[in-house]
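Peer 1: Structure for this input, please:
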Amino acid sequence: MRRGRLLLVGLRAWSGRGRERNMSKKRKLDSGAQDSLYFDSYADVAIHEEMLADTVRTDTYRRGIFRAGGRIQGKAVLDVGAGTGVLSVFCAQAGARKVYAVEASSIAEQAARVVRLNGLADRVEVVRGAVERAELPEKVDVIVSEWMGYALLHESMLNSVISARDRWLRPGGLILPERAELFVAPINHLVAEERLSFWSTVKGQYGVDMSCMTDFARSCIMNGEISVQPVSVEDVLSHPCRFATLDLHTVTLEQLKRVSGSFCCRCFGSSSLNAFCVWFAVTFPGEDGSQPLVLSTSPFKPETHWKQAVLYLDEPVDVVQDTRVEGSISMFPSEQSSRHICIHVEYTIGEHKQKSKTFSIPDWGQESQ
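Peer 2: Purely as a prediction, here's the structure:
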């Protein structure tokens, strides 16, 4: 249950703010300091309220767990990053014999209260600590975790799930969800265009010409930060392209150091391409011949608290129907903070020369200065 909500200001849905701070010299936090800041961010109630209020997220997990009831009933389950314990309770309600709810932040105390309130203290054991250092009395048959961050990999919690898999999951065990996919599409993000055109409207409103601010606004908005905000269907300029798939049963920690893939798509019609949009989907296995259950953060699906990751180009590019947009994407941890994701995009639009740009989320060290 990881998202880093208190970083929403740092992520800057309006990504132009705070540039002076970002000009200061970056410093690298050691892994212990990074983890402390990360886990402390989950001690606040607002983060958990936002996650539970996301009905797409929570209902999909509940359905995925209950659909797997035949493989959970009478089994031992490990909940990695249990938060307030809701997934652990779902697993117990689905018939688990024992659930180990491992949570590193102080919210573990509240999870224990939730477990007792629901009369499940005999079957759900809250374990305070990082899963990498936790000790369990037995191997487990099932691992469940809501580990996804912005752009899927922000916060690197998947590493913890894989570590738990390698240490504690019995051969042939179940992982919920079991697969993750990453998608990209070119977009014309109208919100950015509206913000840029705003400066040309000031004179009509107040009699002061501020159109000269447009270039400065562009440098603030269309910078190198990953902007987390909703993208509408109307903004999307092509069919989405899947550029990476992660099988949680087989992916390794080494492979997670860089997740890469290529993309190629053709635009629907005439527009201005000013950004790429990245999102993810995770899949719960189907049981007894049923179709797999998919939790998608696509702009074509109901909005979730993950929204989408918007990667602005330095300059918009005009496209027409069937303009070819192709390139490659690599996702890797920031040098300043291993829990923060960077996205490098190399792309070619139509007959234009290939360009590249690296995007990142401000690190906790910067935010704390």
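Peer 1: Tell me how many other residues crowd residue 280.
Peer 2: 24 (other C-beta atoms under 10 Å). For every residue, glycine as well, the C-beta is placed using N, CA and C.
Peer 1: again with the one 3 residues further on
Peer 2: Residue 283: 19 surrounding residues under other C-beta under 10 Å.
Peer 1: Make sure I have this right: it is in a strand.
Peer 2: Yes. Under DSSP: H, G, I helix; E, B strand; the rest coil, residue 283 sits within a strand.
Peer 1: That one is in contact with residue 148, isn't it?
Peer 2: No. The criterion here is C-beta atoms under 8 Å, and residue 283 misses it with residue 148 at 12.0 Å.
Peer 1: for residue 112, phi and psi?
Peer 2: Note on residue 112: its backbone torsions stand at phi -60, psi -40 [degrees, to the nearest 10].
Peer 1: can you pull the contacts of it?
Peer 2: Residue 112 sits next to 85, 126 when contact means C-beta atoms under 8 Å, 6 or more residues apart in numbering.
Peer 1: Report pLDDT for it.
Peer 2: As predicted, residue 112 sits at a pLDDT of 97.
Peer 1: do the same with residue 62
Peer 2: The model's pLDDT for residue 62 equals 98.
Peer 1: Can you report how many residues neighbour it?
Peer 2: Count around residue 62 with other C-beta under 10 Å applied: 17.
Peer 1: how near is the residue lying closest to it once chain neighbours are set aside to residue 154?
Peer 2: Counting by C-beta to C-beta, 6 or more residues apart in numbering, residue 90 is the residue found nearest to residue 62 once chain neighbours are left out, at 5.3 Å. Residue 90 sits 25 Å away from residue 154, going by C-beta to C-beta, to the nearest Å.
Peer 1: Looking at these two, which is more packed in?
Peer 2: The residue with more neighbours, out of residue 90 and residue 154, is residue 154; 27 against 23, by other C-beta under 10 Å.
Peer 1: Quick check: chain neighbours aside, which residue is closest to the more buried one?
Peer 2: Nearest non-adjacent residue to residue 154, counting by C-beta to C-beta, 6+ apart: residue 341, 4.3 Å away.
Peer 1: That neighbour and residue 228: what is the separation?
Peer 2: 11 Å.
Peer 1: any residues in contact with both of the two?
Peer 2: By C-beta under 8 Å, 6+ apart, the residues touching both residue 341 and residue 228 are residue 150.
Peer 1: Where does pLDDT dip in the stretch 201-350 of the chain?
Peer 2: Within the stretch 201-350 of the chain, no stretch has pLDDT under 70.
Peer 1: Quick one: the strands in it, in order.
Peer 2: 227-229, 241-247, 259-266, 271-284, 293-296, 308-319, 324-333, 341-349 (DSSP state E, counting those that start in this stretch).
Peer 1: Now the third one: buried residues?
Peer 2: It refers to strand 259-266. By 16 or more other C-beta atoms under 10 Å, the buried positions in strand 259-266 come out as 259, 263, 265.
Peer 1: for the helix or strand hosting residue 92, packing partners?
Peer 2: In this assignment (DSSP states H and E), residue 92 forms part of helix 86-93. Applying 3 or more C-beta pairs under 8 Å, 6 or more residues apart in numbering; DSSP states H and E, one finds that helix 86-93 contacts helix 55-67, strand 76-80, strand 98-103, helix 108-117, strand 124-128, strand 140-144.
Peer 1: quick one: which of the ones you listed is nearest residue 239?
Peer 2: helix 55-67 (22.1 Å; C-beta to C-beta).
Peer 1: How about residues contacting the very next helix or strand once past the closest one?
Peer 2: Note on helix 55-67: by DSSP H and E, the next helix or strand toward the C-terminus is helix 69-72. Residues outside helix 69-72 that contact it (C-beta under 8 Å, 6+ apart) are 65, 91, 94-96, 141-142, 174, 287-288.
Peer 1: rerun that using 7 Å as the cut-off
Peer 2: 65, 91, 94-96, 142, 174, 287 (C-beta atoms under 7 Å, 6 or more residues apart in numbering).
Peer 1: Pipe the strands of the stretch 201-350 of the chain into TSV and attach distance to residue 131 per row.
Peer 2: Formatted as TSV, the strands of the stretch 201-350 of the chain follow (distance: least, C-beta to C-beta, whole Å):
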stretch	distance to residue 131
strand 227-229	26
strand 241-247	18
strand 259-266	21
strand 271-284	19
strand 293-296	22
strand 308-319	26
strand 324-333	18
strand 341-349	20
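Peer 1: Residue 213: which of the ones you listed is closest?
Peer 2: strand 308-319 (17.2 Å).
Peer 1: I'd like to know which elements the closest one is packed against.
Peer 2: strand 227-229, strand 271-284, strand 341-349 (3 or more C-beta pairs under 7 Å, 6 or more residues apart in numbering; DSSP states H and E).
Peer 1: Residue 292: which of those strands is closest?
Peer 2: When the helices and strands packed on strand 308-319 are compared by C-beta to C-beta, strand 271-284 sits nearest residue 292, at 4.9 Å.
Peer 1: If you compare the directions of that closest one and strand 259-266, what angle comes out?
Peer 2: 130 degrees (axes from the mean of the first three to the mean of the last three C-alpha atoms, to 10 degrees).
Peer 1: Strand 271-284: partners in the sheet, and parallel or antiparallel?
Peer 2: Taking DSSP bridges as the criterion, strand 271-284 forms sheet pairs with strand 179-187 (antiparallel), strand 293-296 (antiparallel), strand 308-319 (antiparallel).
Peer 1: quick one on the thing from earlier: highest mean neighbour count out of the helices and strands packed on helix 86-93?
Peer 2: strand 76-80 (a mean of 29; mean count of other C-beta atoms under 10 Å).
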